[in-house]
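A.B. asks: Can you look at this prediction? I've put the sequence above it.
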Amino acid sequence: MSRVLVVDDELAIRRLVSAVLERDGHEAVVAGSVREALVEIGRAAVDAAIVDLGLPDRDGLELIPLIRAAMAIPILVLSARDATAEKIAALDLGADDYVTKPFDGDELLARLRSALRRTGAPAGGDTVLRHGAIAMDLGRHMVLVEDREVTLTPREFAVLEALVRAGGRVLTHVALLEQVWGRAHVADVEYLRVVIRALRLKVEADPSQPALIRNEPGIGYRLNG
């Protein structure tokens with residue numbers, strides 16, 4: 001079963017899309033704003049996202065690259081905006097498909113299934129992420145480093161998951177804080193530093209000379225290997 005994040009400011013649309021997804025065997029995770037969407041992304045892994053553009057706190061176009069930076073998942077835009085320029089902008093920012101409102105539920109499901117197949121995202125079941133020596137089993141909340149199991153807190157797990165999904169790319173302090181703690185904490189860099197220190201104690205062979213979680217001074221963090 002896939003977990004699909006549904007981001008729309010209208011409660012009726014969230015309920016309708018959730019019903020359509022659940023009818024097809026998916027689990028819907030709902031959010032009514034960019035802030036709520038980022039909280040949900042930081043809380044647990046999702047396999048795909050369906051995003052409206054007319055959100056109350058920020059334009060939905062701004063959410064697309066934030067999701068793309070955090071997770072290699074399909075992103076479908078579901079919006080009343082039907083201008084060609086809007087569609088091109090969404091696709092250029094990383095959306096996989098664009099569906100206009102009013103929409104047909106069966107068409108939405110078909111486009112979602114196609115995007116899941118095309119991007120290699122799981123259609124159901126647990127997900128295992130790998131980067132170098134690190135393997136993360138999201139379903140069982142388990143982490144292996146060089147085949148050694150390590151126990152992480154939910155916050156440590158969320159930060160490590162974001163770094164693994166980035167695949168060696170640098171994630172800025174702001175991106176990590178927004179994904180894991182929410183937009184209200186983007187200035188609280190010390191929160192992130194505390195978690196990074198704790199992670200290094202658990203996953204690094206020599207935490208005093210970290211080889212896995214690398215610091216990019218003044219920018220953020222990335223995974224080595």
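C.D. replies: Everything's here; your move.

A.B. asks: Do you know the pLDDT at residue 67?
C.D. replies: On pLDDT, residue 67 comes in at 88.

A.B. asks: same check, this time on residue 119
C.D. replies: 58.

A.B. asks: now do residue 40
C.D. replies: The score at residue 40 is 87. That number is its pLDDT.

A.B. asks: Surely it is within a strand?
C.D. replies: No: counting by DSSP: H, G, I helix; E, B strand; the rest coil, residue 40 falls outside a strand, being helix.

A.B. asks: Can you pull the domain assignment for this structure?
C.D. replies: If you go by automatic domain parsing, the domain ranges for the chain are 3-119, 128-223.

A.B. asks: lowest average confidence, helix or strand, in the chain?
C.D. replies: helix 105-119 (a mean of 84; mean pLDDT, DSSP states H and E).

A.B. asks: quick revisit: hey, which of the domains of the chain is tucked in deepest?
C.D. replies: Of the domains of the chain, the one with the most neighbours on average (mean count of other C-beta atoms under 10 Å) is domain 3-119, at a mean of 18. No exception for glycine: its C-beta is placed from N, CA and C like everyone else's.

A.B. asks: for that one, the distance to its chain's centre please.
C.D. replies: Its chain's C-alpha centre and that of domain 3-119 lie 12 Å apart, by C-alpha atoms, centre = their mean, to the nearest Å.

A.B. asks: got it, and stretch 137-146?
C.D. replies: Averaged over its C-alpha atoms, stretch 137-146 has a centre that lies 17 Å from its chain's centre (C-alpha atoms, centre = their mean).

A.B. asks: same check, this time on stretch 174-182
C.D. replies: On the basis of C-alpha atoms, centre = their mean, stretch 174-182 is displaced by 11 Å from the centre of the chain it belongs to.

A.B. asks: Touching that stretch from outside, list them.
C.D. replies: Surrounding stretch 174-182, the residues in contact under the criterion C-beta atoms under 8 Å, 6 or more residues apart in numbering are 35, 38-39, 41-42, 66, 69-70, 155, 158-159, 162-163, 185-189, 191-192, 195, 220-221.

A.B. asks: after the least confident helix or strand of the chain comes which helix or strand?
C.D. replies: Per DSSP states H and E, the first helix or strand lying C-terminal to helix 105-119 is strand 128-131.
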